[in-house]
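J.: Give me a 3D structure for the following:
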Amino acid sequence: MNKERYSKKLDIIQEAGNYRILRNTEHNGFLIHEEGREMLNLSSNDYLGLSSNPRLIEEFKAETDVMALPYSAVSSRLLSGNHQYYKMLEDDLADWYDKEASLVFNSGYHANIGILPALANKHDLILADKLVHASIIDGLRLSEAQMLRYKHLDYEHLQSILVAHREEYENVFIVTESIFSMDGDVADLQQLCEIKKEFDAFLYVDEAHAIGVRGTNGLGCCEEQACIEDIDFVVGTFGKAFASMGAFVVCEEIFRNYLINTQRSLIFTTALPPVNVAWTRFVLNRMPDFFELRNKLSEISGRLRNILKERGFEIRGCSHIVPMICGSNENSVDMSELLRDNGFFVLPVRYPTVPKNEARIRFSLNASIPYEDYECLFEFLGCLECE
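T.: Numbering: from 1, shown residues only. Purely as a prediction, here's the structure:
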């Protein structure tokens, strides 16, 4: 038994400025406490602030007999874990998206590592945007299909690959995020829908960071860009703007049935607790009511981008995810410490999560934070100088 290689690897990680720790924090709504400091939490995915909305929580308790709902499914969905609230949630999702069917999973990771490996075989090709999330990449690695990556948001490159290789494969799956998690930029879904029609391909869109945040009813960029009908697989998570846990895909009934019978990350895991699924359904059916929160999120993120630009910082994207490029891992860590020392909990994102010399502070905004607290952030950032 040799443990030395693990110690050496940890030393290498630490020397590169990539060492990670699990932080001991306490949460109080949009505030977070760490090491005696109270800070605004600007590193959460609770984009609408629903996780600590007392009115919403009380309404859920009043409408739902929470004590009668199991706190564990104690089985996979294909055994005894398929509680009635699963069907209710899946029916609602299919109705909201006007699709034939939907299927709920334990997490976005379970969805992304399972759907494509189940659907795509060795006769197929998967074409994925260069910057898709790690969970999608892991799913691609588990698939038997050939996998190629097109340049980020470069649809001419995507088309050139399809022109060269489409006829070699039975099925082709084009895979993208709608809002990209590290750069905060947005895919042109309408253009992708046109490409997928032209080349007779399937389109798989991960709306993890858009669901709840974009669209009149909070259904994501596919609603905002008016192309739900043309997307074959809309994948979303409940662990971000929905302030819950789990994920889903909306699709045709044949694909739902196929995934139930073949998707390993669905078949071989204990189902979500029914009380959690009931909460998710409750939030889903109130998503249209949060239109003003979505507007506030858009307004605040626009102001933050403008302030950072004025101070000379490089930023990316056009969403509520605002990356502030710092360069080296060390610079991003130093900037994070400076922000936390001044009451703003925001963490660095470093290589290898992002490319070398593109380490960044990733502001992840929350609509429940009062305007006056954001003004404090803007005032502080307005005094920073970009080196």
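J.: separation between residue 227 and residue 296?
T.: From residue 227 across to residue 296, the span is 25 Å (C-beta to C-beta, to the nearest Å). Yep, even glycine has a C-beta here, placed from its N, CA and C like the rest.
J.: swap that for residue 13, please
T.: Computed as C-beta to C-beta, the residue 13 to residue 296 distance reads 39 Å.
J.: repeat for residue 56
T.: With C-beta to C-beta as the criterion, residue 56 and residue 296 are 16 Å apart.
J.: do residue 38 as well
T.: With the distance defined as C-beta to C-beta, residue 38 ends up 23 Å from residue 296.
J.: More neighbours: these two, which one.
T.: Using other C-beta atoms under 10 Å, the more surrounded residue of residue 38 and residue 296 is residue 296, with 21 against 12.
J.: which element is that one on?
T.: Element membership of residue 296, judged by DSSP states H and E, is helix 291-310.
J.: And the helix or strand following that helix, what's buried?
T.: Sequence-wise, the next helix or strand downstream of helix 291-310 (DSSP H and E) is strand 321-327. The neighbour-count check on strand 321-327 (16 or more other C-beta atoms under 10 Å) flags 321, 322, 323, 324, 325, 326 as buried.
J.: What is the nearest of these to residue 303?
T.: The nearest member of these to residue 303, counting by C-beta to C-beta, is residue 322 at 10.1 Å.
J.: Got the confidence number for the nearest residue to the closest one once chain neighbours are set aside?
T.: Nearest residue to residue 322, sequence neighbours excluded (C-beta to C-beta, 6 or more residues apart in numbering): residue 363, at 4.1 Å. At residue 363, the pLDDT value in this model is 96.
J.: Pull out the buried residues from the strand or helix carrying residue 363.
T.: Residue 363 belongs to strand 359-364 when assigned by DSSP H and E. Judged by neighbour count (16+ other C-beta under 10 Å), strand 359-364 contains these buried residues: 359, 360, 361, 362, 363, 364.
J.: just stretch 196-210 next, same as before
T.: Using 16+ other C-beta under 10 Å as the test for burial, stretch 196-210 gives 196, 199, 201, 202, 203, 204, 205, 206, 207, 208, 209, 210.
J.: Quick check: mean pLDDT of it?
T.: For stretch 196-210, mean pLDDT is 98.
J.: Widest-spaced pair of the buried residues of stretch 196-210?
T.: That would be 199 and 209, which, of the buried residues of stretch 196-210, are the farthest apart (C-beta to C-beta) at 26.7 Å.
J.: Poorly predicted segments of the chain, please.
T.: The chain contains residues with pLDDT under 70 at 386-387.
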